[in-house]
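J.: return atomic coordinates for the entry below.
(one chain, ligands or ions: 1)
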Amino acid sequence: MNRYIEIDPEDYHVLHPRPAYLIVTKGRDGRLNVMAASWVMPVSEEPPRYIVSIYREQYTYKIVKETMEFTINIVGEEHAEIVWKAGTLSGWKTDKWKLLGLEPLESKHIGAPGVKGAYGVVECRVEKLIPVGECDLAICEPLRTIVRSDLYQRYGWDLRRAKILMHQRGRVFVLPGKLIIIPKGKR
Ligand SMILES: Cc1cc2nc3c(=O)[nH]c(=O)nc-3n(C[C@H](O)[C@H](O)[C@H](O)COP(=O)(O)O)c2cc1C
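T.: Have a look, this model is predicted:
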């Protein structure tokens, strides 16, 4: 029989691992910044809306409030160090874009670019910011999504090639490794 133990209900890691993304913003001065984010998810299909939970102290938050736009970059194993640095250094003190040697992938509808080499990029316009605790939920509209054609197929990400990076806890990341397809006819 399975036994259960009680853990701290404040320990949100029970809902991890979650994909770790890169959020790119462009300030009014033209400066690019990148931050790691794993509290990101789709929340509505009609109309299509995503949320990104952003701590109000982040440099990213300041820029998002000013510009109401960003890109969500889907990244993988080969980007782990970039994610870690983007998630532990702040744009308040460091020009992470330069430090990490990132190259922009121009967006069509917004000023903030994607990151060259990312598996996919979603151009987002922020519709509203909703405060929850120390964070604001940025409710955003996906204006344009691009994916690397070698990594995306009819089931979505081809996990044999796309090593989508997921954040477990602290310095620990994991990779999804198995596709489970429910046979047709099952509910
Ligand atoms: C894997 C990972 C996921 C993170 N997820 C989020 C997140 O969803 N929201 C957030 O506000 N900060 C998140 N952070 C923390 C920010 O990335 C971090 O505080 C960063 O330094 C903020 O950068 P900025 O000040 O340049 O915006 C995460 C950090 C890591 C390493």
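J.: not counting sequence-adjacent ones, nearest residue to the residue of the chain found nearest the ligand?
T.: In the chain, the residue that lies nearest the ligand is residue 87 (2.4 Å; Cβ to the nearest ligand atom). The C-beta positions use only the backbone N, C-alpha and C, and glycine is treated the same way. Residue nearest to residue 87 in three dimensions, not counting chain neighbours: residue 36, with 3.0 Å by Cβ to Cβ, 6 or more residues apart in numbering.
J.: that older thread, now do the contacts for the residue of the chain closest to the ligand.
T.: Under the criterion of Cβ atoms under 8 Å, 6 or more residues apart in numbering, the contact list for residue 87 reads 20, 35-37.
J.: and stretch 117-135, which residues are buried?
T.: By neighbour count on 16 or more other Cβ atoms under 10 Å, the buried set for stretch 117-135 is 118-124, 126, 129, 135.
J.: how about low-confidence regions in the chain?
T.: Filtered on pLDDT under 70, the chain yields the residue ranges 186-187.
J.: near the ligand, which residues of it? Just list them.
T.: 20, 33, 35-39, 53-55, 58-60, 83-84, 87-92, 167 (Cβ under 6 Å from any ligand atom).
J.: at 8 Å instead, please
T.: For the chain, the residues in contact with the ligand (Cβ under 8 Å from any ligand atom) are 20, 23, 25, 33-40, 52-55, 57-61, 63, 83-84, 86-92, 94, 96, 135, 167, 173.
J.: who does residue 115 form a beta bridge with?
T.: Residue 115 has these beta-bridge partners by DSSP bridges: residue 104.
J.: how many other residues sit next to it?
T.: As a burial measure, residue 115 scores 24 neighbours (other Cβ atoms under 10 Å).
J.: residues touching it, list them.
T.: 22, 24, 34, 71, 73, 75, 82, 102-105, 121.
J.: so which of these comes closest to residue 113?
T.: Closest approach between the contacts of residue 115 and residue 113, by Cβ to Cβ: residue 104, at 3.5 Å.
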